[in-house]
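**Q** From the sequence below, what's the structure:
(2 chains)
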Number of protein chains: 2
Amino acid sequence: MEIKNSEAVTKGSKAVIDREQLLAHWQGHRALTRRVIEAFPEEKLFGFQIGGMRPFSEMVKELLAIAVPGAKGLATNVWEKLNEEIDLGKSKAEILYHWDQATEDINYWWSQIPLERFQEELLAFGQYKDKGFCTLLYFIDNEIHHRGQGYVYLRSLGVEPPSFWER
Amino acid sequence: MEIKNSEAVTKGSKAVIDREQLLAHWQGHRALTRRVIEAFPEEKLFGFQIGGMRPFSEMVKELLAIAVPGAKGLATNVWEKLNEEIDLGKSKAEILYHWDQATEDINYWWSQIPLERFQEELLAFGQYKDKGFCTLLYFIDNEIHHRGQGYVYLRSLGVEPPSFWER
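**A** Residues are numbered from 1 along each chain as shown, chains lettered A, B, ... in the order given. The predicted model follows:
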């Protein structure tokens, strides 16, 4: 079914968020996550955990495994399997380098996402069935969720986390 | 400036999410948060914390202080000061009662939010300046953030939290 751009969301009649606003929302959250990564003492980033959970570096690995392949998937609707076995190196600087690369790559792919994709039913990573906008919100929500966990790690380490409301 | 419904988001031309989808997204998250509240052993809900942070019951109090007054504020654009001094009682059952009341009240006020409100600049709670959709996403993101912290509390207590992807 062909959906005209002007009708992408239930004929546009009840739409509340546009695509550039959604990208800005995502990248705003990613900027905050970057500051959370920066706030970790380097060895704690890779070695500290609570309750059997992963170190924050491993959560960041998951976020990076999702972000660019996710944006590319939304643009192309060609999905590869989720691959969390990516090598981010062993330093905070390397992680931040990959994070900043991803920021650029997300912007690149975002501009190529067809507007109707957000309302299409997708099988993200060949596995997760949902509408495009739900898939994207899931990426963002998953990041907020794990970053919130990173805040507990930081507080537990006696480190003041960045303010949640600053993006 | 009068904005027609069909033009609520940059003339509707780049819109990706509609209002009912946004409500479903919020209430889906609230259903998950309800399960996280339920998962806490009662005395830990009120007494357990990590790193000097609040017990999860206090975070839930913040979420309830925001949710219905926030939805009502979006509907009326009349904002009272944020009031976190609400009495939720001292039992999990009472907190869940208030949570379920809020679920109904949010639905009530949601249906009265003028569509153009999502793109208007607001001063939420007389204090937080942002567009309507950003204000609403902030409510949701703040809930995900604190709930993620609740997950660390649960894991630290040896309790398996509900799956993040179930809404």
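
**Q** remind me, longest helix of chain A?
**A** When chain A is parsed with DSSP state H, its longest helix is helix A:132-156.

**Q** Can you check what angle separates that helix from helix B:132-156?
**A** Per axes from the mean of the first three to the mean of the last three CA atoms, to 10 degrees, the angle that helix A:132-156 makes with helix B:132-156 is 50 degrees.

**Q** Now find how far off-centre helix A:132-156 is within its chain.
**A** On the basis of CA atoms, centre = their mean, to the nearest Å, helix A:132-156 is displaced by 8 Å from the centre of the chain it belongs to.

**Q** What of stretch A:65-80?
**A** In terms of CA atoms, centre = their mean, the gap separating the centre of stretch A:65-80 from the centre of its chain is 11 Å.

**Q** and residue A:134, what does it touch?
**A** Going by CB atoms under 8 Å, 6 or more residues apart in numbering or on different chains, residue A:134 touches residue B:25. Placement of C-beta: from N, CA and C, glycine included.

**Q** Distance of it relative to residue B:24?
**A** For residue A:134, the distance to residue B:24 equals 9 Å [CB to CB, to the nearest Å].

**Q** cool, and residue A:63?
**A** Applying CB to CB, the value for residue A:63 to residue B:24 is 25 Å.

**Q** Of the two, which one has the most company?
**A** Between residue A:63 and residue B:24, counting by other CB atoms under 10 Å in any protein chain shown, residue A:63 is the more crowded of the two (20 against 13).

**Q** Break down chain A into its helices, ranges please.
**A** According to DSSP H, chain A carries its helices in the segments A:19-39, A:42-47, A:56-76, A:92-110, A:132-156.

**Q** So which of these is the most surrounded?
**A** When you average the neighbours per residue for each of the helices of chain A (mean count of other CB atoms under 10 Å in any protein chain shown), helix A:132-156 leads with a mean of 23.

**Q** Return the angle between stretch directions for that helix and helix A:56-76.
**A** Using the same axes, to 10 degrees, the interaxial angle of helix A:132-156 with respect to helix A:56-76 works out to 170 degrees.

**Q** Dump the helices of chain A to a markdown table, plus mean pLDDT.
**A** Below are these laid out as a markdown table (pLDDT from 0 to 100):
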| stretch | mean pLDDT |
| --- | --- |
| helix A:19-39 | 97 |
| helix A:42-47 | 97 |
| helix A:56-76 | 98 |
| helix A:92-110 | 98 |
| helix A:132-156 | 97 |
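
**Q** Touching, residue A:150 and residue A:59? I think so.
**A** Yes: in this structure residue A:150 lies within contact range of residue A:59 using CB atoms under 8 Å: 6.8 Å.

**Q** so how far is residue B:107 from the nearest residue to residue A:53 once chain neighbours are set aside?
**A** With CB to CB, 6 or more residues apart in numbering or on different chains as the measure, residue B:155 is the residue that lies nearest to residue A:53, at 5.5 Å, once sequence neighbours are left out. When distance is defined by CB to CB, residue B:155 is 32 Å away from residue B:107.

**Q** what do you get for residue A:129?
**A** Taking CB to CB as the criterion, residue A:129 is separated from residue B:107 by 26 Å.

**Q** again, but for residue A:99
**A** Using CB to CB, we find residue A:99 at a distance of 38 Å from residue B:107.
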